[in-house]
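Participant: Kindly generate the corresponding structure for this input.
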Amino acid sequence: MVQSFLDHGTREEINAVGTLVGKMLPVYFPQLSFREDGCEIINIGNSMAVISGDGTGISEEEDSVVAFEFKCPVPGKTYTTDIQYKIPTHYTTQILGQMAVKKCKSLVFISYTHESASYIHADINSNLWEQTKTFAEELYGTDNPPRPTRRNPNSKTLLADLKTYSDTCSFMVEFPLYLYRLYRVHVHQWMTNNMYMESMVRNGMFTKTLHLLKKYYLL
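Facilitator: Predicted coordinates for the structure are as follows:
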């Protein structure tokens, strides 16, 4: 079940990225280029945590301005909409970590379905991120962390704070989507004609995202 959810997200992420580049960047972030991210490793006491973001908005000066996170929920929910209009609490530690490691003050959370996509804006909360790291270190920060036998007394407080943080994130807009189809487009020609990838062209950055995005309707 869980693997099928992950596979669905992997298949649909190309459409979420295309919707960002084709619909959102020209309106909300016309001065930025999209760059696909790798993972970052941080220390949690004597242990480590891997934080893997989906992408970053890069300025012409190569500064990281805003982080991007894509979620592609599996359709067919019974008691709620397929698309998300607020950031679920269980994603809050992930997005806080992304902003912290990328040194971005804000994050764009995109929820993508085949009907539409939503944009939810989140701002960094450094105190809450440090609180989360401290809690993780208490649980997993030793070389051989013991298996928990009861709920940590601080978990209730942290969960309440994360729920409050989720409520402070702002739903911005819901907009139409882009779907991809195959085109035989020379990669260099495509990149030089796409102003939102110009900085990547100048720096010779041929990433997986560049090869994927050449398939969209807008190119």
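
Participant: Same question for the residue lying farthest from the centre of the chain, what's its three-state structure.
Facilitator: Most distant from the centre of the chain: residue 149, at 32.8 Å, with distances by C-alpha atoms, centre = their mean. Here residue 149 is recorded as coil under DSSP: H, G, I helix; E, B strand; the rest coil.

Participant: ok, the residue nearest the centre of the chain to residue 125 distance?
Facilitator: Nearest to the mean C-alpha position of the chain, counting by C-alpha atoms, centre = their mean, stands residue 69 at 1.2 Å. Residue 69 sits at a distance of 15 Å from residue 125 (criterion: C-beta to C-beta, to the nearest Å). Backbone N, C-alpha and C define where each C-beta goes, glycine included.

Participant: same deal with residue 155?
Facilitator: Distance of residue 155 to residue 125, computed by C-beta to C-beta: 18 Å.

Participant: The two: which has the busier surroundings?
Facilitator: residue 125 (19 against 13; other C-beta atoms under 10 Å).

Participant: hang on, isn't the more buried one packed against residue 96?
Facilitator: Yes. With contact defined as C-beta atoms under 8 Å, residue 125 reaches residue 96; the gap is 6.6 Å.

Participant: Give the residues shared as contacts by those two.
Facilitator: Jointly contacting residue 125 and residue 96 under the rule C-beta atoms under 8 Å, 6 or more residues apart in numbering are residue 165.

Participant: what about residue 159, which helix or strand?
Facilitator: When elements are assigned from DSSP states H and E, residue 159 belongs to helix 155-168.

Participant: which residues sit against that helix?
Facilitator: By C-beta under 8 Å, 6+ apart, helix 155-168 touches 86-89, 92-93, 96, 123, 125, 128, 131-132, 135.

Participant: now do 7 Å
Facilitator: Helix 155-168 is contacted from outside by 86, 87, 89, 92, 93, 125, 128, 131, 132, 135, using C-beta atoms under 7 Å, 6 or more residues apart in numbering.

Participant: Export that helix to CSV, keeping only CA atoms.
Facilitator: Taking C-alpha atoms only, helix 155-168 is exported to CSV below (Å, rounded to 0.1, in the frame of the first residue of the first chain):
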residue,chain,number,x,y,z
SER,A,155,5.6,14.7,22.1
LYS,A,156,2.1,16.1,22.9
THR,A,157,3.4,19.7,23.1
LEU,A,158,5.5,19.4,20.0
LEU,A,159,2.6,17.9,18.0
ALA,A,160,0.3,20.8,19.2
ASP,A,161,3.0,23.3,18.1
LEU,A,162,3.3,21.7,14.7
LYS,A,163,-0.5,21.7,14.2
THR,A,164,-0.5,25.4,15.0
TYR,A,165,2.3,26.0,12.5
SER,A,166,0.3,24.2,9.8
ASP,A,167,-2.6,26.5,10.5
THR,A,168,-0.4,29.6,10.0
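
Participant: No more questions from me, cheers.
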